[in-house]
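> structure for the following, please:
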Amino acid sequence: MKKTLISLAVLAASGAAMAQSSVTLYGVADVWLGSSKVEVGGVGIRQAVVDTSGVSGSRWGLKGAEDLGGGMKAIFTLEGGISLDTGASGQGGLLFGRQAFVGIQSGLGTVSLGRQYGAYEELHAAVDHNYAAFTFESNVGVAANGIPDYTVRINNSVAYTSPVFNGFSGKVLYGFGENKDTPLVGNSSTDIASLHLKYANGPLLVGYAYQEETQALGDKNTYNLFGGTYNFGVAKIVGSYHQIKNNTTKDREYQVGVVVPFGAAAISAGYTHSESEVGSVSNTGQGAAILATYDLSKRTTLYAGALNMKAHVLNAANLTETTKYGVGIRNSF
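Residues are numbered from 1 along each chain as shown. Modelled structure (predicted):
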């Protein structure tokens, strides 16, 4: 889907050479109407809601590229999240909380610096059910059954993304915590390392990802992901398996899903199960979600979704159960 509303092309002469540059404004506006209930220990109130980002995170952004010659380009992306129900900025009010980076791109790959998606998240989004829906996918709450979920966007990071070689590609990223002088941290900065390797060719995509997050007291949360998708034409299946651990806790999670298209419409569904072990305590979490979409055009989609999730968030004694259902509209520009 093309997400371009404005594209400005500027030609600048430098000697006998001509360099082309472009800046594009793009975004997604996604809002849904429905019902939401979160129960903790069996206590909760159902509410009617108009909420943001049922399928895709609402956002706006600017991205650009400048031809430097010799097959090289300078690139940048500035992208901020929006809560469509209130108009507030997402990601805690950050102006460009989703992405903010600049880099150099060539036939040898791309090097970029700034606030960026981790390599782990990029593979996870590719193998997650219900298109990694912002609201209507079942592992959002289940993934935090024990150890906190992995960091999606990584500050102070430098990344290298390889070109595609016969279907194979990869990415490595390192985020500097920049907090060694914080008393709680001491001499160890809370750095994050992230990488993925994947193969995508025809109907098949398979990959592996790893992320390591140093904690304030010196422990490390490590995340391993194995996942894949296969498109049979009449249906697409997706699945992944996560292993997460630190010095005290071990978690395991798997999720499976299917997408069945019907022309401009599609129905997708997914299931997630997780287990967390810390000492003698063992907790489980599970979730299921279903999503129906209908493309009115290349830019506009109607959808209806429902989900149910149960988990002992961060191994809390009380069970948290979340149920949501609603209808929505998404417009990409």
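> CA only for contacts and neighbour counts going forward, please
OK.
> start to end distance for stretch 149-169?
End-to-end distance for stretch 149-169, by CA to CA, to the nearest Å: 25 Å.
> give me the contacts around that stretch.
With CA atoms under 8 Å, 6 or more residues apart in numbering as the contact definition, stretch 149-169 has outside contacts at 98-99, 107-118, 120-121, 143, 170-178, 192, 197-201, 211, 223.
> inside helices: which ones of the residues you listed?
Here DSSP state H is the test, and the contacts of stretch 149-169 give 120-121 as lying in helices.
> among the contacts of stretch 149-169, name the buried ones.
Neighbour counting over these (16 or more other CA atoms under 10 Å) leaves 98-99, 109-118, 120-121, 143, 170-175, 177, 192, 197-200, 211, 223 as the buried ones.
> tell me which entries of the contacts of stretch 149-169 lie within strands.
Using DSSP state E to define strands, the subset of the contacts of stretch 149-169 located there is 99, 109-117, 170-175, 192, 197-201, 211, 223.
> strands of the stretch 51-200 of the chain, start to end?
Read by DSSP state E, counting those that start in this stretch, the stretch 51-200 of the chain holds these strands, from start to end of the chain: 59-69, 72-81, 99-106, 109-117, 153-161, 168-175, 192-201.
> helices or strands next to the longest one in the packing?
The criterion is 3 or more CA pairs under 8 Å, 6 or more residues apart in numbering; DSSP states H and E, and the helices and strands that strand 59-69 contacts are strand 17-40, strand 72-81.
> look up phi and psi at Ser83.
phi -90, psi 100 (degrees, to the nearest 10).
> low pLDDT regions in the protein?
Screening the chain residue by residue with the criterion pLDDT under 70, one finds the ranges 1-19, 140-144, 186.
> what do you get if the cut-off is 90, keeping everything else the same?
Counting by pLDDT under 90, the chain shows low-confidence ranges at 1-20, 138-146, 148, 180-188, 216-219, 279-281, 313-314.
> out of the helices and strands packed on strand 59-69, which one sits most buried?
strand 72-81 (a mean of 21; mean count of other CA atoms under 10 Å).
> specify the beta-bridge partners of the residue nearest to Ser157 when sequence neighbours are not counted.
With CA to CA, 6 or more residues apart in numbering as the measure, Gly175 is the residue that lies nearest to Ser157, at 3.9 Å, once sequence neighbours are left out. Assessed by DSSP bridges, Gly175 has beta-bridge partners Ser157, Ile192.
> before we move on, what about Thr161?
Judged by DSSP bridges, the bridge partners of Thr161 are Thr110, Lys171.
> pull the number of nearby residues for it.
19 (other CA atoms under 10 Å).
> coming back round to it: pipe the strands of the stretch 51-200 of the chain into TSV and attach distance to Thr248 per row.
Listed next are those as TSV, based on distance: least, CA to CA, whole Å:
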stretch	distance to Thr248
strand 59-69	37
strand 72-81	35
strand 99-106	33
strand 109-117	27
strand 153-161	24
strand 168-175	24
strand 192-201	19
